[in-house]
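Enquirer: I would like the atomic coordinates for the input below:
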Amino acid sequence: MNRKRVNFLRFLSVLCIIALIGELSYIVYCKCFQEKKYVYFDGINAVVSTNKYYASAGSNNDNDSHYERAKISKYNLKKEKTFEKLYNVGYNSSFFGILLDGEDIVAVGSYEKTEDDHKDSVRRALIVKFDKKGNIVFEKDFQMLDNSKFTSITQVGTDYLVTGQSIYKNNKIGEKDGGAILVKYDKDGKLLWKTSYGSSKSAIFNDCKVINNYIYAVGTDENYLGIFVKYDLDGNFITYNDYKTTDSLGFSGIESIGDNIYISGALRRDNDDNDAMIVRYDLGCEYIDQVVYTGLGIERFNKLMVDDLNNLVAIGTMAIETTEDGVSEYNYDGIVAKYDANLKYVDSVSYGDERDDYFTDIIFVDDMYLVVGYSSYEDGSYMSKFIRYSKALKVLNVE
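Expert: So this is what the prediction gives:
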């Protein structure tokens, strides 16, 4: 998955360079744009729902400058888009997490605010609250160090708890606090407290969950170390555990059933052949057991959810290596796997409708599993996708 994402980011970098050249020479811009105009991206990173509509967060580059723009979208229950709002501030941006607060939508992610940010490829963490018409209620950016982003958001009472990362940029070292970050805002966007954990060059919190009035955050630190940290509701450190060794994304999703906490990620093998996994811990962050999904290639579980029968349903990605004319490439398929509360395997399916398919989030709604993500196509573009699965993991429809 990392290699394909690197290729995608390189495509976006090329587009940004073309836009800058265009300021100097319109003729050169037109020529280059015609060569690169097929590189279109529209992806969904997170989804939530009510009994009336769905809302999603992600990004696309469908604008004259071809910058990546953070976006929120609303869909009716037929998955027909009824509303979309782009965050047209600064340069490149993306939303990674979303929640509904009454009729308001709160999204978190990152953006390049200034021209210097854009030139240095440095992003700031971002939280934006929209009303039901898409008007901005508040917008706040955040940095402890240089490169920063918010990765998820959850509501605690009337406040917002966000996870993320704030680290030094590549060519900079220092001893200031940073790394994986946990930040709390009130409903009006006032910063209440912040805390950090791990290396100021690499650590990140990907997700969190509040269980029995404690915050549990998951992510990764340097040297492929999965991290699992417990805080009280005021952000005070309680305890932690780590896991050797995960892949570079580390622990990425968290759910709970009773006194058991389940964390999704990938087990890194000595030969870099990762297997998707779910690890179970108790409320004191002590390891209990784990289950490993071994497929046809390199796998990881990105997110987890718990259905109405207390089954764990994990979504992720499987990279399958193919060789043609002596050249190796990876094709990416989405995977959905179901386990019971004791991590006993129930069922799993893969999805490979287009060239590459990436699953980013899952929710349980209307007695079905709704999976979101994006797929690549022959012309090099990426398009967002909704897939509905039955409880038996049968595809009901794709939109």
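Enquirer: dump the residue contacts of the closest residue to residue 81 other than its chain neighbours.
Expert: Nearest non-adjacent residue to residue 81, counting by CB to CB, 6 or more residues apart in numbering: residue 75, 5.4 Å away. The way it works is simple: take the backbone N, C-alpha and C, and place the C-beta from them, glycine included. Going by CB atoms under 8 Å, 6 or more residues apart in numbering, residue 75 touches 53-56, 81-82, 386.
Enquirer: most neighbours, which of those residues?
Expert: Counting neighbours by other CB atoms under 10 Å, residue 56 leads those with 27 neighbours.
Enquirer: So which elements touch the helix or strand where it lies?
Expert: Element membership of residue 56, judged by DSSP states H and E, is strand 54-60. Helices and strands touching strand 54-60, by 3 or more CB pairs under 8 Å, 6 or more residues apart in numbering; DSSP states H and E, are strand 42-49, strand 69-75, strand 93-101, strand 104-111, strand 368-376.
Enquirer: how deep is residue 44 tucked in, by neighbour count?
Expert: Other residues lying near residue 44 total 24 when counted by other CB under 10 Å.
Enquirer: Could you give the bridge partners of residue 125?
Expert: Applying DSSP bridges to residue 125 gives these bridge partners: residue 110, residue 142.
Enquirer: ok so, going back, grab the two from the contacts of residue 75 that are most spread out in space.
Expert: Within the contacts of residue 75, 82 and 386 form the most distant pair, 14.0 Å apart (CB to CB).
Enquirer: which of the helices and strands packed on strand 54-60 sits most buried?
Expert: Of all the helices and strands packed on strand 54-60, strand 104-111 has the most neighbours on average by mean count of other CB atoms under 10 Å, namely a mean of 25.
Enquirer: circling back: the residue nearest to residue 81 and residue 115, how far apart?
Expert: Distance, residue 75 to residue 115, using CB to CB, to the nearest Å: 35 Å.
Enquirer: what's the answer for residue 383, then?
Expert: Distance, residue 383 to residue 115, by CB to CB: 30 Å.
Enquirer: Which of these two has more residues huddled nearby?
Expert: Neighbours per residue, other CB under 10 Å: of residue 383 and residue 115, the larger number sits with residue 383, 15 against 10.
Enquirer: What does the pLDDT read for the closest residue to that one other than its chain neighbours?
Expert: Among residues not flanking residue 383 along the chain, residue 42 sits closest, at 5.5 Å (CB to CB, 6+ apart). Confidence at residue 42, expressed as pLDDT, is 93.
Enquirer: do you know how far residue 42 is from residue 69?
Expert: Taking CB to CB, one finds residue 42 at 10 Å from residue 69.
Enquirer: cool, and residue 319?
Expert: Distance of residue 319 to residue 69, given as CB to CB: 28 Å.
Enquirer: where's residue 48 relative to residue 98, distance?
Expert: Separation of residue 48 from residue 98 (CB to CB): 6 Å.
Enquirer: next one: residue 368
Expert: 20 Å.
Enquirer: Who are the contact partners of the nearest residue to residue 212 once chain neighbours are set aside?
Expert: Nearest non-adjacent residue to residue 212, counting by CB to CB, 6+ apart: residue 283, 6.7 Å away. Listed by CB under 8 Å, 6+ apart, the contact partners of residue 283 are 211-212, 214, 259, 261.
Enquirer: Helix or strand: which one has residue 283?
Expert: Per DSSP H and E, residue 283 falls between elements, in no helix or strand.
Enquirer: And residue 119, by the same measure?
Expert: helix 115-120.
Enquirer: other SSEs contacting that helix?
Expert: Contacting helix 115-120 under the criterion 3+ CB pairs under 8 Å, 6+ apart is no other helix or strand.
Enquirer: For the closest residue to residue 367 other than its chain neighbours, report the pLDDT, please.
Expert: The shortest distance from residue 367 to any non-neighbouring residue, by CB to CB, 6+ apart, is to residue 391 (7.1 Å). Turning to residue 391, the model gives it a pLDDT of 97.
Enquirer: can you check residue 395 too?
Expert: Value for residue 395, per-residue pLDDT: 96.
Enquirer: doesn't residue 371 make contact with it?
Expert: No: in this structure, residue 395 is not within contact of residue 371 by CB atoms under 8 Å, at 9.6 Å.
Enquirer: shared neighbours of the two, which are they?
Expert: With CB under 8 Å, 6+ apart as the test, residue 395 and residue 371 both reach 387-389.
Enquirer: May I ask which of these has the most neighbours?
Expert: For those, neighbours were counted using other CB under 10 Å, and residue 387 has the most, 23 neighbours in all.
Enquirer: Could you check how far that residue is from residue 297?
Expert: 20 Å.
Enquirer: Ok, residue 248 next?
Expert: Distance of residue 248 to residue 297, computed by CB to CB: 16 Å.
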